[in-house]
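Q: take a look and give me a structure for this.
(2 chains)
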Amino acid sequence: EPEVTQTPSHQVTQMGQEVILRCVPISNHLYFYWYRQILGQKVEFLVSFYNNEISEKSEIFDDQFSVERPDGSNFTLKIRSTKLEDSAMYFCASRASGSLTGYTFGSGTRLTVV
Amino acid sequence: DQQVKQNSPSLSVQEGRISILNCDYTNSMFDYFLWYKKYPAEGPTFLISISSIKDKNEDGRFTVFLNKSAKHLSLHIVPSQPGDSAVYFCAASADSGTYKYIFGTGTRLKVLA
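A: The predicted structure follows:
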């Protein structure tokens, strides 16, 4: 079964540092997403990406965040200057065009900002 | 603004019995609803979905019911098994073209052997 792969599984970073979370979506999928889940809270939408550009972003996704698809396989989320409140599980997801089965999520990257 | 609400943070059910997980939403523009299951240290896994043109969708032991007038959906698991123990998230989408999902806060289901 095809998978969405996320690396690293756990990232610890100092406040103010830049982090890049990496994702390899399923190869024939066209829509890519980042969500996050702060411990004990709901899964929150951050951004959607299609055709090499952001198609929608939430109010959480401010100027500190950016996404990129640097090549044909990777999809990255960069946080420029991390804050303590950025500590969360970050999930990448992808879906095929017209999919009625929702997204396929990766297993997440736990980001801890200290 | 919590557009999708799961008011029961946890639920315990005896093995073999029915589990009923509930979800309420406020946005009448939502037209597609999904249930995801999540185990610890894993990403959410798609379980079952329903379009707003239907009121019921069934897949094996899992059935989702949609009551549009009440803005309520529920997931029934019959019979419940210990392996069903997980956190269940309800999610909803309006046809924005991006298929952004709004998730509820989740219900932790524990199926007791």
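
Q: how much space between residue A:67 and chain B?
A: Per CB to the nearest CB, to the nearest Å, residue A:67 is found 13 Å from chain B. No exception for glycine: its C-beta is placed from N, CA and C like everyone else's.

Q: which ones are touching that residue?
A: Taking CB atoms under 8 Å, 6 or more residues apart in numbering or on different chains, we find residue A:67 in contact with A:32, A:34, A:47, A:49, A:54, A:75, A:76, A:77, A:78.

Q: helix or strand for it, which one?
A: According to DSSP states H and E, residue A:67 maps onto strand A:65-68.

Q: mind checking the pLDDT average for that strand?
A: Per-region confidence: strand A:65-68 scores 96 on mean pLDDT.

Q: and residue B:96, what pLDDT?
A: Value listed for residue B:96 in the pLDDT field: 60.

Q: ok, how many other residues are close to residue B:43?
A: Residues lying near residue B:43 (other CB atoms under 10 Å in any protein chain shown) number 23.

Q: nearest residue to it in space, please, no chain neighbours.
A: residue A:105 (3.3 Å; CB to CB, 6 or more residues apart in numbering or on different chains).

Q: would you confirm that the one you found contacts residue B:45?
A: Yes - counting by CB atoms under 8 Å, residue A:105 does reach residue B:45; the two are 7.2 Å apart.

Q: joint contacts of these two?
A: Jointly contacting residue A:105 and residue B:45 under the rule CB under 8 Å, 6+ apart are residue B:36.

Q: circling back to that earlier point, show me which of the contacts of residue A:67 are buried.
A: Neighbour counting with 16 or more other CB atoms under 10 Å in any protein chain shown marks A:32, A:34, A:47, A:49, A:75, A:77 as buried within these.

Q: where does the closest residue to chain A within chain B sit: helix, strand or coil?
A: Using CB to the nearest CB, the single residue of chain B nearest to chain A is residue B:43, 3.3 Å away. Assigned with DSSP: H, G, I helix; E, B strand; the rest coil, residue B:43 falls in the coil class.

Q: ok, residue 84 - contacts?
A: By default, I'm working from chain A. Going by CB under 8 Å, 6+ apart, residue A:84 touches A:15, A:113, A:114.

Q: hmm, I had chain B in mind actually
A: When contacts are counted by CB under 8 Å, 6+ apart, residue B:84 is found next to B:19, B:37, B:77, B:109, B:111.
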